[in-house]
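Student: pasting a predicted model and its sequence here:
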Amino acid sequence: MNDRLLNQACLKELNLTGGERILDVGSGLGQFTRLMAQAAGPAGRVLGIERDPGQISGARELIAGSALESNIAFRNGDAMDLPLEAGEWGSFDLAHSRFVLEHVPEPGKVVAHMAKAVRPGGRVVLADDDHAQFTPYPAPPGFHTIWDAYCRSYDRIGCDAFVGRRLTTFLVEAGLKPRRNTLVFFGGCAGDEVFEIAALNIIKILEGARELMLEHRLISSENYEAGIAGLHRWMTLPDAALWYGMNWVEGFKDKGKDKG
Ligand SMILES: C[S@@+](CC[C@H](N)C(=O)[O-])C[C@H]1O[C@@H](n2cnc3c(N)ncnc32)[C@H](O)[C@@H]1O
């Protein structure tokens, strides 16, 4: 994911002041985990939890030999059953998750664990997609067909393509108080240096979901190819614009709440 496109904007919303203990749930290759660790400074600590062992070893390699090795740790485990040690529950200043809740069948359970992981007064930040917000303009021919099939492919695997709109509800259900929500811009237009990256990112995501869409007969292969070709043509238009924002919320645990 492109640094300028999204990471710096996400970091700005987080507004880390230094020294935080952070839990990053679904940390992937740790690109954003590393940025949070840098922003938290030498006194900060970040623990990344990731289900895929390949991503964990890749993430560890990326910090090997650097100063970040002393304040980042990656641990293998499931976000729906966080592998924290007894003394870690109720100890984090911030529990963060980005682009993870859309991939899990029980996102509320993940947030409940995150709420348990933060200290009284601690913060939970959730950032995830609502795919209904994705608007390429002028609308490429065949786009609605392929995008609709892509969104429906989420429920075929027990997930929610529109999970982003539910984020404040997850906070409340986990006993947290929502304080702020926003959209983090994740688009661009012709002439902007990030536009090609943003547009190609979407095409790559649709290509990655091709088999699932075809297997579940959500789209014909002809309509799939037409949708992809339409996006490639749209990218070259002088007035092409991609309107997309990632849903972002933060909530807090009561200061009076017991540890854990
Ligand atoms: C799209 S990536 C996002 C990575 C990172 N959070 C970021 O924003 O750059 C989603 C990550 O969540 C991980 N993931 C998905 N389900 C998970 C689960 N149940 N427990 C832990 N990690 C999970 C995936 O393996 C993947 O690395």
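Tutor: Looks like it arrived, so ask away.
Student: tell me the centre residue of this protein?
Tutor: When the chain is reduced to its mean C-alpha position, the closest residue under Cα atoms, centre = their mean turns out to be Phe99, at 1.9 Å.
Student: burial measure for the residue nearest to that one when sequence neighbours are not counted, as a count.
Tutor: Sequence neighbours aside, Asp128 is the residue nearest to Phe99 in space, at 6.2 Å (criterion: Cβ to Cβ, 6 or more residues apart in numbering). For every residue, glycine as well, the C-beta is placed using N, CA and C. When neighbours are defined as other Cβ atoms under 10 Å, Asp128 has 24 of them.
Student: didn't Asp128 look like it was pressed against Leu101?
Tutor: Yes - under the criterion of Cβ atoms under 8 Å, Asp128 makes contact with Leu101 at 4.7 Å.
Student: joint contacts of the two?
Tutor: Taking Cβ atoms under 8 Å, 6 or more residues apart in numbering as the criterion, Asp128 and Leu101 both touch Val163, Leu167.
Student: from the ligand, how far off is the nearest residue to Thr145 once chain neighbours are set aside?
Tutor: Excluding the flanking residues, the one nearest Thr145 by Cβ to Cβ, 6+ apart is Asn223, at 5.1 Å. Distance of Asn223 to the ligand, computed by Cβ to the nearest ligand atom, to the nearest Å: 26 Å.
Student: strands paired with the longest strand anywhere in the chain, and their directions?
Tutor: Of all the segments assigned as strand in the chain under DSSP state E, the longest by residue count is strand 118-128. In the sheet, strand 118-128 lines up against strand 92-98 (parallel), strand 245-252 (antiparallel) (DSSP bridges).
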